[in-house]
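**Q** pasting the sequence and the predicted coordinates here, then a few questions.
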Amino acid sequence: MNDFSELENELKKLRPAPPSPELFSRVERALVDVAEENESADNVVCPDRFRVNWVSLGFGLAAAAALLIVARIEINRPGKKIPAIASLTPAPRDIAGAAAVNDRLVPAGFTQVVYNTRDEGLHFADGSDQPMRRMRYQTHETLQWHNAATGASLRVSYPSEQVELIPVSGQ
Amino acid sequence: MDDVATHKDWKVCFSSLAPGLLLFARQWLRSPADAEDVVQEAFVRFWRRNHDIGNRALLYAAVRSIALDFVRRDSRRARREADASSETAQSAEPQFEQLDDSQQPLANAVDRLPLDQREVLVMKIWDELTFAEIATALGISQNTAASRYRYALVALKKSLQPQ
């Protein structure tokens, strides 16, 4: 690094432009506001955090409800489709019913290809006291359905982007 | 945080840190007013959360994060900033104070550095962060930080050599 010591010294001689006096007064006002907020918010749970929790709870409940519906469909399907005796003495009506069940598109596959991952560094999420590392994933997702009776298949592909916030411990 | 606004510590801290933070923020925001907004928000947020002011990596990460969000929030503003950054250095307001004729080429060369090299250079030269701190602030390895710094110096040296 000795090759650059002279250049480094020249760089250090450049003085960054100082902040305007107005910035000092603005920061001072902001800190006063913060101090007043802290006084008025003593022993009160931050409402932002409540809101975030409610949103999370809402999403959680919605996801759980969707899961239950899907699970119930999966549980019910085998009972309707193939009664125990049907495999030995299938009645014509049962065959038609089974065919009807088979004659529809059923999910056949899901692929997710992550083609770009970007580390966006440390961020402070609103309402969070801790910095978080923000990772942005760009993916290409493909859903496939297949109809066993007709051989038809359906494929839907779409790009998607996911952002993941990873908590980072302070140093 | 009691009586924080009348506490003199913040002024001491801010006086020493603000010039470097503003220079750092100006990489994304050519307007000094916008850069001051970002630095104000980062510093107040940092102070409010009682983070250790010695943890400069975190403070720089906050400035970077807020500056990038600031640019993303308003696409028109982003386009304007991009246009501004593509203009010549003379059109932007000076980022260094009282340059003499011999210093102007160096300041211009710093301004022309690629963003990833410039941000490392600013943190290293004017704020004397270690490569470990720079790596933490930018989410890169120490080796990458050191490499970018070296590339920046090489580029500066090359641009200052007579053609």
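**A** Cool, got the structure.
**Q** could you count how many residues lie near the closest residue to A:Leu14 other than its chain neighbours?
**A** Computed as CB to CB, 6 or more residues apart in numbering or on different chains, the closest residue to A:Leu14 that is not its neighbour in sequence is B:Phe96, at 4.6 Å. Yep, even glycine has a C-beta here, placed from its N, CA and C like the rest. Around B:Phe96 there are 19 other residues, counting by other CB atoms under 10 Å in any protein chain shown.
**Q** and if you look at A:Val168?
**A** Using other CB under 10 Å, A:Val168 has 16 neighbouring residues.
**Q** confirm for me that it is in contact with A:Arg134.
**A** No - using CB atoms under 8 Å, A:Val168 is not in contact with A:Arg134, being 10.2 Å away.
**Q** intersection of neighbour lists for these two?
**A** A:Leu122 (CB atoms under 8 Å, 6 or more residues apart in numbering or on different chains).
**Q** so where's chain A shaky on pLDDT?
**A** Within chain A, the stretches with pLDDT under 70 are A:1-2, A:35, A:37-55, A:71-102, A:170-171.
**Q** residues from it in reach of chain B?
**A** Neighbours of chain B within chain A, by CB under 8 Å from any CB of the partner chain: A:1, A:4, A:7-8, A:10-20, A:23-24, A:26-32, A:34-35, A:38, A:119-124, A:129, A:131, A:133-134, A:170-171.
**Q** among the residues you listed, name the buried ones.
**A** Buried subset of these (neighbour count, 16 or more other CB atoms under 10 Å in any protein chain shown): A:4, A:7-8, A:10-11, A:14, A:16-17, A:19, A:23-24, A:26-28, A:30-31, A:34-35, A:121-124, A:131, A:133-134.
**Q** restricted to strands, list the residues you listed.
**A** Members of those lying in strands (criterion: DSSP state E): A:Pro16, A:Gly121, A:Leu122, A:His123, A:Arg133, A:Arg134.
**Q** now do the same contact list for the closest residue in space to the last one that isn't next to it in sequence.
**A** Setting aside the residues directly before and after it, A:Arg134 is nearest to A:Glu120 in space (CB to CB, 6+ apart), at 4.2 Å. Listed by CB under 8 Å, 6+ apart, the contact set of A:Glu120 reads A:Arg133, A:Arg134, A:Met135, A:Arg136, B:Leu68, B:Gly139.
**Q** okay, now B:Arg72: neighbour count?
**A** For B:Arg72, the count of nearby residues is 10 (other CB under 10 Å).
**Q** and it, how close does it get to B:Ala25?
**A** 15 Å (CB to CB, to the nearest Å).
**Q** any idea how chain A splits into domains?
**A** A:45-102, A:105-171 (automatic domain parsing).
**Q** burial measure for A:Ala65, as a count.
**A** Other residues close to A:Ala65 by other CB under 10 Å number 10.
**Q** and B:Asp100, which of the three is it?
**A** Secondary structure, DSSP: H, G, I helix; E, B strand; the rest coil: B:Asp100 is coil.
**Q** from the chain's centroid, how far away is stretch B:44-58?
**A** Distance of stretch B:44-58 from the chain centroid (CA atoms, centre = their mean, to the nearest Å) equals 16 Å.
**Q** one more: stretch B:112-123?
**A** Worked out by CA atoms, centre = their mean, stretch B:112-123 lies 9 Å from the chain centre.
**Q** go on, stretch B:18-37?
**A** With CA atoms, centre = their mean, you get 6 Å for stretch B:18-37.
**Q** any stretches of chain B with poor pLDDT?
**A** The model of chain B has pLDDT under 70 over residues B:1-8, B:74-94, B:98-99, B:163.
**Q** before we move on, which element is the residue nearest the centre of it in?
**A** The centroid of chain B falls nearest to B:Phe24 when counting by CA atoms, centre = their mean (0.5 Å). Using DSSP states H and E, B:Phe24 sits within helix B:9-25.
**Q** quick check: buried residues in whichever helix or strand comes after that helix?
**A** Downstream of helix B:9-25, the first helix or strand assigned by DSSP H and E is helix B:32-48. Burial within helix B:32-48, assessed by neighbour count using 16+ other CB under 10 Å, is assigned to B:32, B:34-48.
**Q** cool, thanks, talk later.
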